[in-house]
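[1] from the sequence below, what's the structure:
(chains A and B)
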Amino acid sequence: MRFSHYIGSVFVAAGMAFAGGVPVAAQEAVKPLVIGVVEDRSGGSTFYSQESVKAIKLFTDMINDGEFLFAKDTVGSEPGILGRKIELIFEDDENNPNNTVVKARRLLERGAQVLFFLSGSGATTQGRVVCTEQKVLCVAPTNVSQKLVEAPNNDYIFTIAPQSALTAQAYIEAWKKLGYKRVAGVKDSTATSKILGDTYQAAWEAAGFETVAVETVEVGAPDANAQMLRVRNAKPDVIMDLFASASEAAAMYRSKSRLNIATPTFATNTLTATPHIWQLAGDAVNGALVVDTIGVSNPNTGELRKAYDGKYGANTMVWLHPMVWDGLIVLKKAAETAGSTDGTALRDEIVKMKDFPSSFGQPGFTLNFGADRHNGAGKHGLVVVEFADRTPSRVWDVYQP
Amino acid sequence: MDAGIIISGLGTGAVYGLIALAYFLFTRATKAVNFAIGAFVMFAAMLSAYLVTVAEVPVALATLLALGAGIALVWLAEAGVLRPIMARTTDEFGAVMAIVALMFVLEQLAGILFTRRPLVGKPFVDGIILVGDSFIEYHTILVLAVTVLVFAAVDLWLRKGRYGRMLRAVGDNEAAARVLGLPVRRAKGVAMVCTGLVCAVAGVLVVSYTPVNFHSSIGFAILGFVAFVIGGMGNAWAPLAGGLILGVIEALSAYLLGGGARDYVLLALVLVIFTVRPQGLFHIEVRL
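    This is a model prediction of the structure:
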């Protein structure tokens, strides 16, 4: 062989080795980390699902750009996760538990490595079976049902928001302080509302309160006059709003206002999560009290609010958004500690997290996870707010957890 | 028993009656049942609410635009969808499927144009009159008054109006009407205008009181049809009777049995009506 041919062969061989080795690794490194998002675009939980979607899109962009706010002390300032940009893909389960499993599987087929559930609790409870089957890390940052993190199928799913049982306890303590004894619950006919209602009712009955009425406003009902008259006739000390659907919640407040029912009303944080209810209900929502999670003087919340309001307009951040942020930051921390996006590795890192700085709750509040604790929140993640001028603008001065 | 709940039911029933009247007029003109009526009501409602609350158009102008949209949609449905199909075939199945498809198209169009969130307009009147422990809402009084006016106008038109009387002939026997030289197409066109107006009035009234979203069309279609079946086609007031009965039963079932019983009671009512009196409370007797 001539020497030039020999040299050419060496270069060709080197080029083939290069093409077969380093570029592939480089391709892996630049491949995005795909997060599959199950959302509700058209069902009964559309309102707070789409708020969460707005948040995940903004916060993903921020993380990809290396903007970590207060969280840089926890996760550093390297953009993305494991040096990879986050890419979001979406499927709509219509908040229908029959669809959620199918949509979750479809996201995995489309390349998702982690799943975020931003649909209703009832739907997510069905969908989490996919997480266990496929050993994929799942985060349901905004769902409040404790059933989500109870067996079976709870190995790979984590939630961030304070559970409804914890929140229910805050209501109970407030009602005890005010001397209430008789409670009337009003809810809608969605699966999520039923779960919420059952959880809260069980909690207040276990605490010794009497349930004098539980009324259901069917989705699509023209008003809630009949239900509110039944509530009025039952003479409760307090009314508990257990709605998951905005139209029906607004109908309840409007009927309550029209019928001049002055009974104090507490609501679940579906009310503070859904600004659309405030618009639909108008002044009728004033006076409602909610055990919320957005801290008044928590500097972390303030930083996040500034970023969120800066993008979407003043006073647009609601409690859902910090949950999504915390979910993403927890994922980043777990992935970079584990050095992997493997579901089992991520799960094993998250269950070790203690005193994880959070973006919500009272100042200094932190998230804590464990092998038997897949929800990170505690009672200092709660803040009781009062509606005035159609917004949750006042901190209630009677009681705080 | 709170009398206010019956009056509230009458108010809701009046809206069902208007939707049933729309079915009545359309069926009279074309012999077809147009399930897209619910979508027309929903579209007019959402347009009205969107104009008032998002585009901040004055209520009067928004109402007029909603009425115009109602008329345009019904006319387009008849002229653009139903008539071409009926001209090609006597098989009604094709027409029914086309109407159902139109309903879904309008639903999605409303979701795209006006958002997929519920919208509510501004109330024309607000507040209640307290009578002892009972109540009457000003809104209910307004709805009942407007409904009675609409029904009176339609009844007068059908009995005394030129095209109203023609419509009765066209509805009874279109072929004979053509042979007699009646302007069949024009009569149907006027009937479509009336149907659209009635749909839009129903939509504007309901959305001034309660949120409407793009899925509401199914509920309007079903409840309006049930009211139509209960009332029958005997005369122009029959749909109102059906609507009021339906509204009161719906309100009473929620009050006496709880909100969750509403759907079961309505289903039972439909089964009873279809079994016992499928021709409705008021029907035309034909002696041979």
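[2] now do the closest residue to chain A within the stretch 1-150 of chain B against residue B:179, distance only.
    Nearest residue of the stretch 1-150 of chain B to chain A (C-beta to the nearest C-beta) works out as residue B:118 at 4.3 Å. The way it works is simple: take the backbone N, C-alpha and C, and place the C-beta from them, glycine included. Per C-beta to C-beta, to the nearest Å, residue B:118 is found 50 Å from residue B:179.
[3] which of the two has more neighbours?
    Taking other C-beta atoms under 10 Å in any protein chain shown, residue B:118 and residue B:179 do not tie; residue B:118 has more neighbours (28 against 9).
[4] hmm, residue A:251 and the more buried one touching each other?
    No: using C-beta atoms under 8 Å, residue B:118 is not in contact with residue A:251; the gap is 9.7 Å.
[5] which neighbours do these two share?
    residue B:211 (C-beta atoms under 8 Å, 6 or more residues apart in numbering or on different chains).
[6] show me where the stretch 1-150 of chain B has its helices.
    Per DSSP state H, counting those that start in this stretch, the stretch 1-150 of chain B has helices spanning B:3-30, B:37-53, B:59-76, B:83-88, B:92-114, B:138-160. These are given in chain order.
[7] just name the most buried of those.
    Among the helices of the stretch 1-150 of chain B, ranked by average contacts under mean count of other C-beta atoms under 10 Å in any protein chain shown, first place goes to helix B:37-53 (a mean of 28).
[8] packing partners for that one?
    helix B:3-30, helix B:59-76, helix B:92-114, helix B:184-207, helix B:216-231 (3 or more C-beta pairs under 8 Å, 6 or more residues apart in numbering or on different chains; DSSP states H and E).
[9] wait, which of the ones you listed is closest to residue A:35?
    Residue A:35 lies closest to helix B:92-114 among the helices and strands packed on helix B:37-53, at 26.3 Å (C-beta to C-beta).
[10] which stretches of the chain have low pLDDT?
    Unless you meant another one, I'm taking chain A. When residues are selected by pLDDT under 70, those of chain A lie in A:1-29, A:295-296.
[11] please refer instead to chain B.
    Chain B contains residues with pLDDT under 70 at B:1, B:92, B:284-288.
[12] touching the one helix or strand residue A:195 maps to from outside, list them.
    Element membership for residue A:195, per DSSP states H and E: helix A:191-206. Here helix A:191-206 makes contact (C-beta under 8 Å, 6+ apart) with A:44-45, A:95, A:97, A:120-123, A:125, A:144-147, A:164-165, A:168-169, A:171-172, A:175, A:183, A:185, A:187, A:211, A:214, A:240, A:242-245, A:268, A:270.
[13] return the set of buried residues in it.
    Burial within helix A:191-206, assessed by neighbour count using 16 or more other C-beta atoms under 10 Å in any protein chain shown, is assigned to A:191-201, A:203-204.
[14] which residues of the stretch 151-300 of chain A fall in strands?
    Under the criterion DSSP state E, counting those that start in this stretch, the stretch 151-300 of chain A contains strands at A:157-159, A:182-188, A:210-217, A:238-241, A:265-267, A:289-292.
[15] for residue B:240, which of those strands is the nearest?
    Proximity to residue B:240 (C-beta to C-beta) singles out strand A:210-217 among those, at 26.3 Å.
[16] list the contacts for the spatially most central residue of chain A?
    For chain A, the residue nearest the mean C-alpha position is residue A:142 (1.0 Å; C-alpha atoms, centre = their mean). Contact partners of residue A:142, counting by C-beta under 8 Å, 6+ apart, are A:48, A:52, A:118, A:160-161, A:273, A:320, A:323-324.
[17] kindly report the same for residue B:235.
    Under the criterion of C-beta under 8 Å, 6+ apart, the contact list for residue B:235 reads B:155, B:282.
[18] which SS class is it?
    What DSSP: H, G, I helix; E, B strand; the rest coil gives for residue B:235 is coil.
[19] so how far is residue B:269 from it?
    Using C-beta to C-beta, residue B:235 is found at 22 Å from residue B:269.
[20] how far away is the residue lying closest to residue B:123 once chain neighbours are set aside from residue B:140?
    Distance criterion C-beta to C-beta, 6 or more residues apart in numbering or on different chains; nearest residue to residue B:123, sequence neighbours excluded, is residue B:208 at 5.2 Å. Counting by C-beta to C-beta, the separation of residue B:208 from residue B:140 is 12 Å.
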